[in-house]
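Curious how this folds, go ahead:
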Amino acid sequence: MHGLPLEAPAAAPPLLVAAARSHDTVGMSLERRKDDGGWEIIGRAAGRAPHLALARDPDGKTAFRLHVWSMDRTMAPIALRLRAANPSPAGERTLANGVVLTELPGFDPPLGVAAVKLDKPGLFHLDAAPPTLVWSAAAGQALGHGPEMVVAGGTRLWFADSLAAGPVKARRILPDASTALALTLPDGQSAGLPLSVAGSGPVLWIAESRIGQPGISVGSQDAAADGRAMAVGTGVAVALLPDAHGGDEPVVRLWRADGQTGELPLTLRQLAFPKAVQAKLPWGVSDGALGAGAATFYALPAGAKRLQLALPPFTVAALLRDGVVSRAIWSGDQPGGQAVDTSADSLLLLNTGTADGQVSASLSPVVGEEVTLGRGTLLRQWQASAGNRRFDIALAPGDCGKGLLLRVAGAVEEAILVQRDGIVRRGTSLPVTDDAVLVLVHKTGMAAAWLDNGDADAWPAADTLAKAEAPANPGAVSLSGPERQWRFDSKAPTLLHLSTSSPVMIGLRRPVGLPELSVWGQGGALHAFLPGGTTLLGLRPLQDGGLSGTAIIAESEPIAIDEGLGPKIRLAPGDARLFAFDLRQAGPIGVGVRGNADTARVRLLDSDGRTLAEGAVAMTSLAVGRYYLLVENRADGGASELQPALVGAARPDTGPPEDIKRHYWELVATGEDK
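Numbers count the residues shown, from 1 in each chain. So this is what the prediction gives:
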C-alpha cells in the first residue's frame, strides 16, 4: 500500500483529481483527518483505471491523504496521476441544458470536471446519471456517486467523470405538500431547501429516517437555526411556522442530528393547516377535542407556569413567545405528553393524524423561578406518575464545548437531550456541549439529574478524598448536614452493604472510572463492589433540611466459585452476595443464577468494578484474569434460595479417553512397550 499526503495552500484550485492505472485491479481511498487526530475514509474507488476527486476546503486547513494499493496483491506497476483543477463555473440554466466537462490533460482514459454556481441552495434531479459520474455539493468532501436527487446545501456543485459519458444534466426540484420527498443527506453534510408555502394557517415539516436521527429547522435564509425549537421522536424531527404568511420564503434546514457518520436517507413531508382556532387556556384543568388536520391556538397567562399536556397520537404542541416557536413536542404514533415549566405566551396544537383526538391540559403558576440546569446543579424531583418531564439546560459562557456530562439516576428510564446546535442524544450519561432542552422519561419515584465535568471534578470530587472520614464498619452512623463523604480502604475486593432510612443520593467513586450515582427516593440499600485501593462514597439528601436518619454499613468477602453451580445461599429481599472466579484461558463464558429467575439477577464485573454483562443469564468473552459475580435479589421479591452458575471456566478435555490413558500409564508403570 502506498500513502500520499495531499497538501495544498489555501489559494490552490478547489478541485483535486487522482487517477490510477494498472494491468491489475487497483484500490484507492481518500481520507480526512478528524478533530481527534484520527483519520476517516471519505471516498473509495477500485478498478484498472479508478479515479477519485476532492472538493477542497477554501481555507486549506483540513488535512487529507490518499492510499493506493494492488487489490490482487501483485507487484504490477501502478501509474498514479494527480492534478488540481479550477473549471469555470456554469450557471443553473446551463446545467439544465447540459454542462460539458472540461478535460484534464494527462489522464488515460480522459477525465473531465465541471463546476456549477447555483442561484440558491436546493434540490436537483440528475437526468440519466451514468454510474461513473461523481459529484459533491460541499467543500471538504470527496466527490461520490449517489441517489439522483442531489441535496445542495450551498451554491456550488462539482462534477467529475470520464469524457466519454457526455454532458451532465440536472434540474431544480421545487417540493410541495402534495407528496413526501425522499432524499439522502451525504455524509457530514446538511441541506438548506427554499420551499414555497401555501395556505392561511400554520405549516409543518416532518423529517423521518429509519436508520438515524434527522434534525430540522425552518426560518429565513439568514436566520440561525436553533435545534431546541424542533420536536423530536425516534427517527423523527418536526419544525413548523405558526403562520404561512409570517415572512419571506422559508428555508428548511436538514442535518444528521445523532452525531453518527454516514449518509442519511430520509423523507420530508410538508403539511399545511387551516387558520388556527383562537382560544384561551385558563388556570386549572382543561379538556377539549382536536380534529384531524386541525390547529388550535391558545393564549396563555403571563408569567412562569407549569403546563402538563396529554396529547393524542401524531400531534405537535408548540410553545411560542412573541409569535416565534421556542420549544415543541411530538407525541409520535402513541398518545403521549409532557410536563414543562415555561414563560411562553401561547400554545399551538396541530393534529397531523387522520383521526380526531382528545386533549387535556393542566396549567398552574410556578412558585419561584423556572428550574434550569447548569454546571454543578443537582435536579431532584419526586414523580408521582410515569411520564415525560422537560427542563432547560443553560451553560455558562465558558462551559460551552467543554465536555460536561449529564447523568441521571433513580426513576429515570432515559434522558433525551436536544442541543441548540442541533445535536440529539439519548441515554443515561450524556455529554453536553451547548445549551439544550432535556426530556426525562421517568417512572413513578424520585428522579435525579446532575451536570458536572465528567472527570475528577464529578461528584464526589476526587480532591475531597483527603478530607473524607472512614465510617464505623460494620456499624451504624447517624446522618446529618448537607452532605457526608466516607472513604473505604480495601486491600482486596469486597462487597459493601449500605442501607439508609431516609431519601438520599449516593455517589461512588472507585479508583478507576467515573462515579456511579444511585437515588433512593424512600431510603434503600446499596450493594457496591469495592476494588482494591481507596473508594470514595458521598451522600446527599433528596429532601430539604439536610441528611437525616441512620446509615447501616457492613462488608462481606467474595466467595470462590469454579465451573458449574456454586454454593447455595438464601438472600433476603434487596440483599446481594459477591463471588469470585479465575479464568485461566481466554474464551466465551456464561453466568447466571439458579433459583427464582423472576427476582434474581447477576452482574459480571472485572477487577475495577466495571460491569461486563448482566441479567438473569448472560454470556460474553473474557481474557485471562480474575472476575467477580454479583448476585442480587430484588427488593420487592421474597427471600430466595439461589446458586450462582458459571460455564466456560474449565475447557473441555481434548485428550484421549480415560480407558486409553489408564492403559498408557499401566504400560509405563510395568516398563512394557507393547
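
Helices of the chain, start to end?
Using DSSP state H, the helices of the chain run over 92-97, 658-670.

And the pLDDT for the nearest residue to Gly106 once chain neighbours are set aside?
Ranked by C-beta to C-beta, 6 or more residues apart in numbering and with sequence neighbours excluded, the top spatial neighbour of Gly106 is Arg81, at 5.9 Å. (Each C-beta comes from the backbone N, C-alpha and C, glycine too.) For Arg81, the pLDDT comes out at 90.

contacting residues around Arg81?
18-20, 106-107 (C-beta atoms under 8 Å, 6 or more residues apart in numbering).

where do the strands sit along the stretch 551-674 of the chain?
Taking DSSP state E, counting those that start in this stretch as the test, the strands found in the stretch 551-674 of the chain are 559-560, 564-565, 569-571, 576-583, 587-594, 600-605, 611-615, 617-622, 625-633, 640-647.

Identify whichever of these lies nearest to Gly336.
In terms of C-beta to C-beta, the element of those nearest to Gly336 is strand 611-615, at 28.9 Å.

Off-centre distance for the closest one?
21 Å (C-alpha atoms, centre = their mean, to the nearest Å).

quick one: it to strand 617-622, angle?
Angle between the axes of strand 611-615 and strand 617-622 is 160 degrees (criterion: axes from the mean of the first three to the mean of the last three C-alpha atoms, to 10 degrees).

Strand 611-615 pairs with which strands, parallel or anti?
strand 600-605 (antiparallel) (DSSP bridges).

contact partners of the strand it pairs with?
Strand 600-605 is touched from outside by 529, 571, 591-593, 611-618, 620, 627-634, 637, 640, 642, 644, with contacts defined as C-beta under 8 Å, 6+ apart.

Endpoints of stretch 59-77, how far apart?
Using C-alpha to C-alpha, to the nearest Å, one end of stretch 59-77 lies 35 Å from the other.

Report the buried residues of that stretch.
Of all the residues in stretch 59-77, those buried under the rule 16 or more other C-beta atoms under 10 Å are 64, 66-70.

same thing with stretch 629-646?
For stretch 629-646, by 16+ other C-beta under 10 Å, it's 629-634, 637, 640, 642-646.

what's the first-to-last distance across it?
Span of stretch 629-646 from end to end, C-alpha to C-alpha: 9 Å.

what do you get for stretch 459-477?
The straight-line separation of the ends of stretch 459-477 (C-alpha to C-alpha) is 21 Å.

One more: stretch 214-228?
End-to-end distance of stretch 214-228 (C-alpha to C-alpha): 13 Å.

Check the average confidence over that stretch, would you?
Mean pLDDT, computed over stretch 214-228, is 85.

what's next to that stretch, contact-wise?
With contacts defined as C-beta under 8 Å, 6+ apart, stretch 214-228 is touched by 120, 185, 192, 194, 205, 207-208, 229-230, 235-241, 247-248, 250-257, 264, 266, 326-327, 418-424, 435-437.

tally of neighbours for the closest residue to Leu379 other than its chain neighbours?
Of all residues not flanking Leu379 in the chain, Ala449 sits nearest, at 4.3 Å (C-beta to C-beta, 6+ apart). For Ala449, the neighbour count with other C-beta atoms under 10 Å is 25.

and Ala449, what are its bridge partners?
Beta-bridge partners of Ala449, counted by DSSP bridges, are Leu379, Val408.

And the pLDDT for it?
pLDDT, read off for Ala449, is 89.

Check the one 3 residues further on too.
In the prediction, the pLDDT value recorded for Asp452 is 80.

Then Pro9?
In this model, Pro9 is scored at 65, pLDDT.

ok, now Lys280?
For Lys280, pLDDT reads 96.

how about the nearest residue to it, chain neighbours excluded?
Counting by C-beta to C-beta, 6+ apart, the residue nearest Lys280 is Ala299, at 4.8 Å.

quick one: that neighbour and Thr267, what's the gap?
Going from Ala299 to Thr267 by C-beta to C-beta, to the nearest Å gives 34 Å.

Next: Trp255.
Applying C-beta to C-beta to Trp255 and Thr267 gives a distance of 15 Å.

Also Val359?
Noted for Val359: a distance of 27 Å to Thr267, by C-beta to C-beta.

the more surrounded of those two?
Neighbour count, other C-beta under 10 Å: between Val359 and Thr267, Val359 has more, with 19 against 15.

ok, the more buried one - contacts?
By C-beta under 8 Å, 6+ apart, Val359 lies in contact with 287-290, 309-312, 315, 349.
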